[in-house]
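> build me a structure from this.
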Amino acid sequence: MEFLISKSYIPFLIIIPIILVLAFIKPQETFDVNIGDTYYVIKNSHLGILLSIVYFLLASIHFLSKTYEVKLYDLTIASHTIISILGLILIWFLIKEINKNEILSFEEMLKNIKYKERLTYFCFVILGLMVLSQIILISDFLIKLFKKLF
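Got it, this is the predicted structure:
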């Protein structure tokens, strides 16, 4: 746990090449999100590049907080790192499960639709936690940086 707090930027830098490799294995495939009556379609390569940039910015915030000795709360650092990394992995596995298509009877298909709907809601909860974690870390970093500078 001490390593996670003292070198919190390393897990973010490790996951960036993993994201890029997974995105460019099949770059022409798409990531589909259905919200209500709207479908959002994003190419895997574009999503991988976007996620890599976001995780690089998060690694930069962690690195700058260590470099300029901006004292962030240990709980904030640890929870942000864990939620950001494990949340991304969990969402990836859940989306693989949601997109799995099987030949089922009509009754099983209706149960499967309910199951996939619950998994989708769970993905949104995890995504919400990830966004909240980013907001908390960035606001904590900016507040403490401004206090240190001024």
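> every contact and neighbour count from this point should use C-alpha atoms.
Will do.
> measure I136 to E107 for me?
As judged by Cα to Cα, to the nearest Å, I136 and E107 stand 44 Å apart.
> these two: which is more packed in?
Neighbours were counted for I136 and for E107 using other Cα atoms under 10 Å; I136 has more, 14 against 8.
> please name the nearest non-neighbouring residue to the more buried one.
Sequence neighbours aside, T76 is the residue nearest to I136 in space, at 7.7 Å (criterion: Cα to Cα, 6 or more residues apart in numbering).
> buried set for stretch 58-71?
Within stretch 58-71, the residues that count as buried by 16 or more other Cα atoms under 10 Å are 58-59, 61-63, 65-66, 70.
> off-centre distance for that stretch?
20 Å (Cα atoms, centre = their mean, to the nearest Å).
> before we move on, what about stretch 88-101?
13 Å.
> what does the worst-scoring helix or strand of the chain on mean pLDDT contact?
Sorted by mean pLDDT, DSSP states H and E, the helices and strands of the chain end with helix 2-6, the least confident at a mean of 73. Helix 2-6 is contacted from outside by 66, 74, 77-78, 81, using Cα atoms under 8 Å, 6 or more residues apart in numbering.
> again, but for stretch 107-118
I98.
> only C-alpha atoms, please: export that stretch in PDB.
The C-alpha trace of stretch 107-118 is given here as PDB (Å, rounded to 0.1, in the frame of the first residue of the first chain):
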ATOM      1  CA  GLU A 107     -37.900 -17.300 -22.100                       C
ATOM      2  CA  GLU A 108     -34.200 -17.400 -21.600                       C
ATOM      3  CA  MET A 109     -33.700 -14.500 -24.000                       C
ATOM      4  CA  LEU A 110     -36.100 -12.400 -21.800                       C
ATOM      5  CA  LYS A 111     -34.100 -13.300 -18.700                       C
ATOM      6  CA  ASN A 112     -30.900 -12.500 -20.500                       C
ATOM      7  CA  ILE A 113     -32.200  -9.100 -21.500                       C
ATOM      8  CA  LYS A 114     -32.900  -8.300 -17.800                       C
ATOM      9  CA  TYR A 115     -29.500  -9.600 -16.800                       C
ATOM     10  CA  LYS A 116     -27.700  -7.500 -19.400                       C
ATOM     11  CA  GLU A 117     -29.800  -4.500 -18.400                       C
ATOM     12  CA  ARG A 118     -28.600  -4.900 -14.800                       C
END
